[in-house]
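Trainee: predicted model follows, preceded by the sequence.
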Amino acid sequence: MTMQDSREALADFEREVVRYLRDHPDFFERHRDLLADMILPHDTGPAVSLVERQVAVLRAQRDDVRGQLRQLVRNARKNEQLNNHVNALVLALLDAASLEEVLQIVQGRLAADFDAEAVVVRLFRTDHPAMARLPELVDWSEPVLGAFEKVIAGRRPVCGALKPGQLDALFSEAADDIASAALIPLVESASSRKCYGLLAIGSQDRNRFRADMGTVFLSQLGKILSRVLKKHLEPAAP
């Protein structure tokens, strides 16, 4: 094919494209993403030009990217703040000299640094010397604990709305104010045979703890607390 033939073939193809666009005036309406990649002459007149449409598409894309960047920055700041709070909690727990102090730190830190409106710890150890003075130490044989059997057996945090019996067992007088909660089995790992108890975090916001939310942080929190509790609940090896 000669150069002349190539030019004529290209001209024929362009005429076909022009004919198709003329027969389908809504083409760019159905393929708006193409406008961002095209170079178009500015057409003045009473109708909105393709250049104006292209600029509008580009501006929308720019605004979308800016919105995503702002969200990434907000998430980064939240994650940094969360990491700082977790570090402070861990350091405080490591310095705790007694079981009572551990429980006070957990309840105080979660309420202050993590905006938890209700924090409850239930420990399944009835032969501990502090049993008489610590309401957190409960008898595993109590029938009420059967309401949490599935959560404990699952060895992973569960979030969402609790049943009335569960609310009453955990939050007592404040049960009516709790719209959502996170239940965290206190285990060192998902495969641990031993569960030291439950950590329950309640909120008046029904969307604060949703059944579909991620539980990585909650799981880490449970593992950290379990390691600390092990030191206070189990006698040291001789």
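Mentor: Arrived safely. Residues are numbered from 1 along each chain as shown.
Trainee: how many residues are close by the residue nearest to Asp113 when sequence neighbours are not counted?
Mentor: The spatial neighbour of Asp113 that comes closest, neighbours along the chain excluded (Cβ to Cβ, 6 or more residues apart in numbering), is His85 at 4.1 Å. Every residue, glycine included, has its C-beta placed from N, CA and C. His85 has 15 neighbours, counted by other Cβ atoms under 10 Å.
Trainee: surely His85 meets Phe114?
Mentor: Yes. Counting by Cβ atoms under 8 Å, His85 touches Phe114, with 6.3 Å between them.
Trainee: show me where this structure has helices.
Mentor: Counting by DSSP state H, the chain has helices at residues 3-23, 27-30, 50-95, 99-113, 149-154, 164-171, 216-233.
Trainee: can you tell me how far the residue minimising distance to the centre of the chain is from Asn79?
Mentor: Centroid check for the chain by Cα atoms, centre = their mean gives Gly214 as the closest residue, at 4.4 Å. Plainly put, Gly214 is 12 Å away from Asn79 if you go by Cβ to Cβ, to the nearest Å.
Trainee: pull the helix or strand with minimum mean pLDDT from the protein.
Mentor: Across the helices and strands of the chain, mean confidence by mean pLDDT, DSSP states H and E is lowest for helix 27-30: a mean of 80.
Trainee: tell me how many other residues crowd the closest residue to Tyr20 other than its chain neighbours.
Mentor: In this structure, Tyr20 finds its nearest non-sequential neighbour in Phe27, 7.7 Å apart by Cβ to Cβ, 6+ apart. Phe27: 12 surrounding residues under other Cβ under 10 Å.
Trainee: quick revisit: touching the least confident helix or strand of the chain from outside, list them.
Mentor: Here helix 27-30 makes contact (Cβ atoms under 8 Å, 6 or more residues apart in numbering) with Tyr20, Leu21, Leu34, Leu35, Leu50, Arg53.
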